[in-house]
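[1] Can you look at this prediction? I've put the sequence above it.
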Amino acid sequence: MSWRHKHLLDIESLSADEIVTVLDTARAFKAVGTRAIKKVPALRGKTVVNLFVEPSTRTRISFELAEQRLSADIINFSAESSSFKKGETLKDTARNLEALNADMIVMRHSASGAPHFLARFLHASVINAGDGAHEHPTQALLDTFTVREKKGKVAGLNVTILGDILYSRVARSNIWALTKLGANVTLCGPSTLVPKVFEQMGCRVTYDVEEAIRDADIINLLRIQHERQRKTMFPSLSEYTSFFGLTKARLAKTKPDALIMHPGPINRGVEIDSEIADCARSVILDQVTNGLAVRMAVLFLLNGGKGPQEIAI
Amino acid sequence: MNAGAMQRALTRMAHEIVEANESGNDVVLIGIQRGGVSVAQRLAKIVSDIWKNPLPTGTLDVGMHRDDLAAHAAPPMHPTVIPFDVADKTVILIDDVLFSGRTTRAALDALNDFGRPKKIQLAVLVDRGHRELPIKADFVGKNVPTALTEKVNVRFKEDDQVDEVVIEKP
């Protein structure tokens, strides 16, 4: 048991022990979701702000429900209907939210490092719910939780992340979490979206999709992040599908117990065949269920500890 | 308290539980994580032998219901497993040490989310005093007067290779 952080900004700065603490805590919170009364009073009287400057549906809903199940009071703040439109800076917005005595701020922003910026001057705990192409820590934690739940371990497993790696915060956070826990990570996709520089993070890069998934225990598919790409990174979506899409023919050449993961939203017929998304080896909806438990665990851990063991960031 | 004294205390508690409750399907034991779980298992075995009827036993983690969460680092979580319906049952909550009473209060709250028992009784191996809440145990293994600064350690063979209760001076 070790947790000494005030904020959850990224996976990079967590130790393997701390990641395991979140996963163990999440297991207890997953059990809460199976009860008749799915609510506990752990965050009673605390105020949590969901500051979603970049649009999000599933992450925001997951955080909101996690907060409600912990009995927190919630303020939702989205870019479309807020003072950002009136020219207020992020810093001023955050200061205003803190003036309402917010205890935690869950933040999504299109700029990498935005939550780190807030954490430097806010007294409230900051949780990164995705910052640009940098990190999406709770997604990596729920992915790792799902891997551990389904396979019983993480160390020694072959995990292939397939798709748009360059623009993916999910990929970066997953690479950190998986390598810290001892998994062998392989990245694959169009060379424009999977630069060799990722090898410096301790993973293998290949452009041969069949070789990449042949020995995989886990195949994690990522969506093409059109909204972040500044220029065309590959000729067409149909060409992407024919070279890198997970088709039935390709799936047939993988290990029979290899699991299919996807952080969503899935684009059926692009990165994944529609039938594969719904097959027994797909754990995509387990990821959604586990996301709720992992986010409850993160909120619970950050709420604890105003004692001397606490360290800043 | 050595292993023999612990066993005698548990046997007496089990007989008191049998005396206070009718045999049948209406009594269940729930051990509070962590120390209460081993006590519950020991008591369940003795009571089951007397009644010749296995006693349903569960475990309860009260970490999410504590009233001091903001004051300490988040507590580690242990499994809550209650494989039966508590509604209309007599639930005997079990802990190793009764101290301030705050764990018991958290357990009463946590249990509430699983249904409405007919009755809740409290059994503890050691009552060390210093209550901060109006809570009293129905079954007590041993009353041990302690100073606030002392620590009561209950060890079980399952986890610590030895059955004993020791008081550590600061």
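    Everything's here; your move.
[2] number of nearby residues for B:Glu22?
    By other C-beta atoms under 10 Å in any protein chain shown, 9 other residues sit near B:Glu22. Yep, even glycine has a C-beta here, placed from its N, CA and C like the rest.
[3] Validate this expectation: it resides in a strand.
    No - under DSSP: H, G, I helix; E, B strand; the rest coil, B:Glu22 falls outside any strand and is assigned coil.
[4] Model confidence score at it, please.
    As predicted, B:Glu22 sits at a pLDDT of 87.
[5] ok, now which ones touch it?
    By C-beta atoms under 8 Å, 6 or more residues apart in numbering or on different chains, B:Glu22 lies in contact with nothing.
[6] Look up phi and psi at it.
    Main-chain dihedrals, B:Glu22, degrees, to the nearest 10: phi -80, psi 140.
[7] And for the one 5 residues further on?
    Its backbone dihedrals place B:Val27 at phi -110, psi 130, with angles given as degrees, to the nearest 10.
[8] Give me the pLDDT for it.
    Note on B:Val27: pLDDT of 96.
[9] Kindly tell me how buried A:Ala280 is, as a neighbour count.
    Applying other C-beta under 10 Å, we find 7 residues neighbouring A:Ala280.
[10] Tell me the secondary structure at it.
    Counting by three-state DSSP, the backbone at A:Ala280 sits in coil.
[11] So for the residue of the stretch 101-250 of chain A found nearest chain B, what's the nearest residue that isn't a sequence neighbour?
    Closest to chain B within the stretch 101-250 of chain A is A:Asp103: 9.0 Å, counting by C-beta to the nearest C-beta. Using C-beta to C-beta, 6 or more residues apart in numbering or on different chains and skipping residues adjacent in sequence, the residue nearest A:Asp103 is A:Lys46, 4.4 Å away.
[12] I'd like to know how far the one you found sits from A:Phe77.
    Using C-beta to C-beta, to the nearest Å, one gets 16 Å for the distance from A:Lys46 to A:Phe77.
[13] ditto for B:Leu43
    According to C-beta to C-beta, B:Leu43 stands 52 Å off from A:Phe77.
[14] For chain B, list the residues in contact with chain A, please.
    For chain B, the residues in contact with chain A (C-beta under 8 Å from any C-beta of the partner chain) are B:61, B:63-65, B:69-80, B:109-110, B:113-115.
[15] Now that we have the residues you listed, which of them are buried?
    With burial judged by 16 or more other C-beta atoms under 10 Å in any protein chain shown, the buried subset of the residues of chain B next to chain A is B:61, B:63-65, B:69-70, B:73-78, B:80, B:109-110, B:113-115.
[16] sorry, back to before: please identify which of B:Leu43 and A:Phe77 sits among more neighbours.
    Neighbour count, other C-beta under 10 Å: between B:Leu43 and A:Phe77, B:Leu43 has more, with 25 against 20.
[17] I'd assumed B:Ile17 was in contact with the more buried one.
    Yes - in this structure B:Leu43 lies within contact range of B:Ile17 using C-beta atoms under 8 Å: 6.9 Å.
[18] Common neighbours of these two, please.
    Jointly contacting B:Leu43 and B:Ile17 under the rule C-beta under 8 Å, 6+ apart are B:92, B:123.
[19] Residue 144: neighbouring residues, count only.
    Let's take chain A. Residues lying near A:Thr144 (other C-beta under 10 Å) number 27.
[20] my bad, chain B
    Using other C-beta under 10 Å: B:Val144 sits among 17 other residues.
[21] any weak-confidence spans in the stretch 101-250 of chain A?
    Within the stretch 101-250 of chain A, the stretches with pLDDT under 70 are A:229-231.
[22] The lengthiest helix in chain A: which residues count as buried?
    The longest helix of chain A (DSSP state H) is helix A:284-303. Of the residues in helix A:284-303, A:284, A:286-303 count as buried by neighbour count, 16+ other C-beta under 10 Å.
[23] again, but for stretch A:66-77
    For stretch A:66-77, a neighbour-count test (16+ other C-beta under 10 Å) marks A:66-70, A:72, A:76-77 as buried.
[24] that older thread, looking at the residues of chain B next to chain A, which are in strands?
    Of the residues of chain B next to chain A, none are assigned to strands by DSSP state E.
[25] Could you pull out the helices in the stretch 101-250 of chain A for me?
    In the stretch 101-250 of chain A, the helices defined using DSSP state H, counting those that start in this stretch lie at A:114-121, A:137-151, A:169-180, A:209-214, A:237-244, A:248-251.
[26] Next, count neighbours for residue 89.
    By default, I'm working from chain A. By the measure other C-beta under 10 Å, the count of residues near A:Thr89 is 10.
[27] think we crossed wires, I meant chain B
    Counted with other C-beta under 10 Å, the neighbours of B:Lys89 add up to 20.
[28] Could you do A:Cys279 as well?
    So A:Cys279, with other C-beta under 10 Å, has 12 neighbours.
[29] Help me confirm that B:Trp51 comes into contact with B:Ser23.
    Yes - at 4.4 Å, B:Trp51 counts as touching B:Ser23 under the criterion of C-beta under 8 Å.
[30] Compare those two and say which is more crowded by neighbours.
    Each of B:Trp51 and B:Ser23 has its neighbours counted (other C-beta under 10 Å); B:Trp51 has more, 17 against 13.
[31] Need the phi and psi values for that one.
    Dihedral pair for B:Trp51: phi -80, psi -10, per degrees, to the nearest 10.
[32] pLDDT score for the nearest residue to A:Val283 once chain neighbours are set aside?
    Spatial nearest neighbour of A:Val283, excluding adjacent residues (C-beta to C-beta, 6+ apart): A:Leu259 at 5.3 Å. On pLDDT, A:Leu259 comes in at 97.
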